[in-house]
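A.B. asks: Provided below are the primary sequence and the corresponding predicted coordinates.
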Amino acid sequence: MQNKSTMTAFPERGASRADVLAALTDHRAKDLKSDGQAFAFVYDAGEELRELAREAFASCMGINGLDPTVYPSARKIENGVVSACLELMHAPEGAVGTATAGGTESVLLAVKAARDFARKTRPEIKQPKMLLPETAHACFHKAAHYFGVDVVVVDVDEQFRASVADVKAKFNDDVILIVGSAPSYAHGVVDPIAALADFAKEKGVLMHVDACVGGCVLPFMRENGESIEAFDFELPGVTSISMDLHKYGFAPKGISIVLQRNRQLRAAQYYACANWSGYAIVNATTLGSKSVAAMGAAYALLHHLGREGYRAKVRSMWDATKLLVQRIDDTDGVELVARPDTNLFAFRTTDGDVFELADRLTECGWHVQPTYAFGRSPAHIHLTIDPGNAGRAGAFADDLTKCLRDLPAPIEPPAGVVAMLSQLGETEVDPEMLMEQLGIKDGQLPHRAADIHRLINAAPPDVRQQLLILFIGELFS
Ligand SMILES: Cc1ncc(COP(=O)(O)O)c(C=O)c1O
């Protein structure tokens, strides 16, 4: 391949197959590995299933999900996957669903459907609102932003579950949707879905359950004998559910499912356009042409693993979670932020610097997710357990104990830089200079990132948002 310095962005002459593949391998060198050391981002069920997913993905690569009349396989595969999810979620007769590209898209579509359904059935509402627990995933705020729905933030209790009392207090005639998580990402706790769904039904509004994380976990925990309260269509007030197959379905990225209790609701999610001179458009999701490859992989995994296979994976993840929770309970200097209902959770330091602890864990070879303080939730370290890291839970806990030795007390970030950050948005800043000051080079956080995390943690959420936008703008051409 051409020498990097002489390589042009769009080469005149093509390189060999081996060279272009080698270039991609090279680009991937610093990526997070699925090697059992990652406690965030990775949902990996092992090489054998990865291999199956790869083959299934490749076999479906040429399918365009834009038009199922031309690609009947797109319809067959989607119906297969959606039916399995409907069954898992105790869907009643008449319930339907759609495959989407991810949890965010499933949530976007649930909110869009709620808005358009309200436009049709409750035209008196001029400015629709949704009641959203403080712990709900950020993609609901994105959906609100995209579709012009106001967010009314709902308080959570000391265990980070949505407060039903606050939902009742904040309810008004403009509310079109109530949201609950099963579970929330940060703390792994399930909201009081039954009480929220009862209230939604009583008021005649829609209720979305975000089971992006729990959809492929909670049903199998229940089948394994854990006591899991109803959170899905078993509850008559639940009108839609999102569940990600690219998380605990173990499929590659690009596949989630949104389920609706009936066809009328799903019709409000669809979009059709005949107002142009080209082919007639009807889209079930936000995309036009779309890949079906990840859906094909999900189909293969779901049928290959079966309920039995998922039960075994879920059991190993839950055992590892219990082990880690116990070790955190037994270790001085750390505590759970909330007691998790599922296999992901947050823990904090009681007297040491949490970001220094995260750096030390990174130096031991672990990938963890340092998370900033927001609302009731303190700065913490988030852990997501998957079948890949489950077997390493004991080793992680041993390193955690080591890393806590002589951990310094919480360190204040430099006041001058905090003050500079607080002016973001008011004064013009040179993003390149700012990144340099923060120690971010080539879009890569330094190996020790505690200084940066402390600064961002000290900034209010709107400043954090502006900083993130500057940061991502610096990453891409
Ligand atoms: C509870 C929950 N909902 C929605 C999402 C968004 O999913 P995605 O990243 O697939 O868009 C996530 C992602 O972690 C999540 O945890």
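C.D. replies: Nice, thanks for sending it over.

A.B. asks: for the ligand, what are the nearby residues on the protein?
C.D. replies: Taking C-beta under 6 Å from any ligand atom, the part of the chain that reaches the ligand is made up of 102-104, 107, 137, 139, 181, 185, 210, 212-213, 244, 256. Using the backbone N, CA and C atoms, a C-beta is placed for each residue, glycine as well.

A.B. asks: taking those residues one by one, which sit in strands?
C.D. replies: 181, 210, 244, 256 (DSSP state E).

A.B. asks: What does the pLDDT read for the second one?
C.D. replies: According to the prediction, residue 210 has pLDDT 99.

A.B. asks: neighbours around the residue lying closest to it once chain neighbours are set aside, how many?
C.D. replies: Spatial nearest neighbour of residue 210, chain neighbours left out: residue 181 (4.7 Å); criterion: C-beta to C-beta, 6 or more residues apart in numbering. Residue neighbour count, defined by other C-beta atoms under 10 Å, stands at 31 for residue 181.

A.B. asks: shouldn't residue 181 be in contact with residue 132?
C.D. replies: No - using C-beta atoms under 8 Å, residue 181 makes no contact with residue 132, being 9.8 Å away.

A.B. asks: Select the helix or strand of the chain having the lowest average pLDDT value.
C.D. replies: helix 431-438 (a mean of 80; mean pLDDT, DSSP states H and E).

A.B. asks: so what does that helix touch, helix or strand wise?
C.D. replies: Counting contacts by 3 or more C-beta pairs under 8 Å, 6 or more residues apart in numbering; DSSP states H and E, helix 431-438 packs against helix 461-475.

A.B. asks: the inter-axis angle of the helix it packs on versus helix 431-438?
C.D. replies: Between helix 461-475 and helix 431-438, the angle comes out at 110 degrees (axes from the mean of the first three to the mean of the last three C-alpha atoms, to 10 degrees).

A.B. asks: Can you give me the buried ones in helix 461-475?
C.D. replies: Buried residues in helix 461-475, counting neighbours by 16 or more other C-beta atoms under 10 Å, are found at 463, 464, 467, 470, 471.

A.B. asks: Go ahead and report the secondary structure state at residue 81.
C.D. replies: helix (DSSP: H, G, I helix; E, B strand; the rest coil).

A.B. asks: Residue 56: how many residues sit nearby?
C.D. replies: 24.

A.B. asks: Remind me what the one helix or strand it maps to packs against, helices and strands.
C.D. replies: For residue 56, the host element (DSSP states H and E) is helix 47-59. Counting contacts by 3+ C-beta pairs under 8 Å, 6+ apart, helix 47-59 is packed against helix 293-330.

A.B. asks: Moving C-terminal from the helix it packs on, which element do we reach first?
C.D. replies: Note on helix 293-330: by DSSP H and E, the next helix or strand toward the C-terminus is strand 334-336.

A.B. asks: and the residue nearest the centre of the chain, what is it in contact with?
C.D. replies: The chain has residue 103 as the residue nearest its centroid, 6.1 Å off, counting by C-alpha atoms, centre = their mean. Residue 103 sits next to 137, 139, 210, 212, 242, 244, 247, 256 when contact means C-beta atoms under 8 Å, 6 or more residues apart in numbering.

A.B. asks: Redo these as JSON lines? Include neighbour count.
C.D. replies: As requested, the contacts of residue 103 are arranged in JSON lines below (neighbours: other C-beta atoms under 10 Å):
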{"residue": "137", "neighbour count": "21"}
{"residue": "139", "neighbour count": "19"}
{"residue": "210", "neighbour count": "29"}
{"residue": "212", "neighbour count": "29"}
{"residue": "242", "neighbour count": "30"}
{"residue": "244", "neighbour count": "26"}
{"residue": "247", "neighbour count": "24"}
{"residue": "256", "neighbour count": "30"}
